[in-house]
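> Let me see the structure of the following:
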Amino acid sequence: MKICPQCGYERVSREDGYIPPTQCPRCGTSYTEGLDQATGSSWEVSQGEPSPQEGFPQQVEYVGFWARVVASVIDSVLYFIAAAFLAIIMTMAHPLLPSPQDPLGNLFLSLIFPVAATLFFWFKFLATPGKMVLSAIIVDARTGGVPTKAQFAGRYLAYTLSGLALGLGFLWVAFDRRKQGWHDKLAGTVVVRKQGSLFPTDQ
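From the prediction side, this is the model:
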């Protein structure tokens, strides 16, 4: 009998030729087997990145690169439509509201509005409209629970880092085991497919 050093799960040794799994069935920690695979006499923690804690659901589908590209395209189109509508209102209401051509109006449409809209959807629904179309949500990478507002704010700020080096931080999603971009890793979040009541839907 061996104990997982990550969560304490006890695995019973067998002598019937069974080769035990290379992943803890409780916490998902990956292992490399020792010399005696048949009896499971050794568990050794692999030198990979930290695995989810015990509370993170095991049967989970991480949302990959191309699905997130589609979600981003949907969000961009919706933002363009909303920004165009706001620009018309600001133009008609000028001088009560700043014109889209004014520095303040341009700042609102190009920065304040997209930041506020994105954080609102993250706080309320754990996803932007594009992700919701794909049944994808953002959850805490360790527990599978609702991320804190600080995590969401940090995730948005970390977009800047992900965009550096020709967007390598976003492209990282395509190669990462848990489909995390640099902004996800810094904020401690993952993007997963919503599966019934397996994950939360809001805060």
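
> Helices of the chain, residue ranges please.
For the chain, applying DSSP state H gives helices covering 65-92, 103-107, 113-125, 129-133, 149-171, 182-187.

> R142 is nearest to which of those helices?
helix 149-171 (10.7 Å; CB to CB). Quick note: C-beta positions are derived from backbone N, CA and C, even for glycine.

> Can you list the buried residues in that closest one?
Neighbour counts using 16 or more other CB atoms under 10 Å place 151-156, 158-159, 162, 169-170 of helix 149-171 among the buried residues.

> What is the nearest of these to P114?
Taking the buried residues of helix 149-171 together and measuring to P114 by CB to CB, the closest member is Y156, at 9.7 Å.

> give the contact list for the closest one.
115, 118-119, 122, 183 (CB atoms under 8 Å, 6 or more residues apart in numbering).

> And it, how far from R68?
Computed with CB to CB, to the nearest Å, the distance linking Y156 and R68 is 15 Å.

> hey, which helix or strand in the protein has the poorest pLDDT?
When each helix and strand of the chain is scored by mean pLDDT, DSSP states H and E, strand 43-45 comes last, with a mean of 39.

> these two touch, right, K149 and F120?
No - look at K149 against F120 with CB atoms under 8 Å: they stay out of range, at 11.3 Å.

> Report how many residues lie close to G130.
22 (other CB atoms under 10 Å).

> Would you mind confirming that it makes contact with Y79?
No - between G130 and Y79 there is no contact under CB under 8 Å: 9.7 Å.

> in stretch 68-79, what counts as buried?
Under the neighbour-count rule (16+ other CB under 10 Å), stretch 68-79 has 68, 70-71, 74-75, 79 buried.

> Closest one of the residues you listed to D140?
Distances from D140 to the buried residues of stretch 68-79, taken by CB to CB, are shortest for R68, at 17.9 Å.

> what's near enough to touch the residue lying closest to I89 once chain neighbours are set aside?
Of all residues not flanking I89 in the chain, L97 sits nearest, at 7.3 Å (CB to CB, 6 or more residues apart in numbering). Residues in contact with L97 (CB under 8 Å, 6+ apart) are 89-90, 105.
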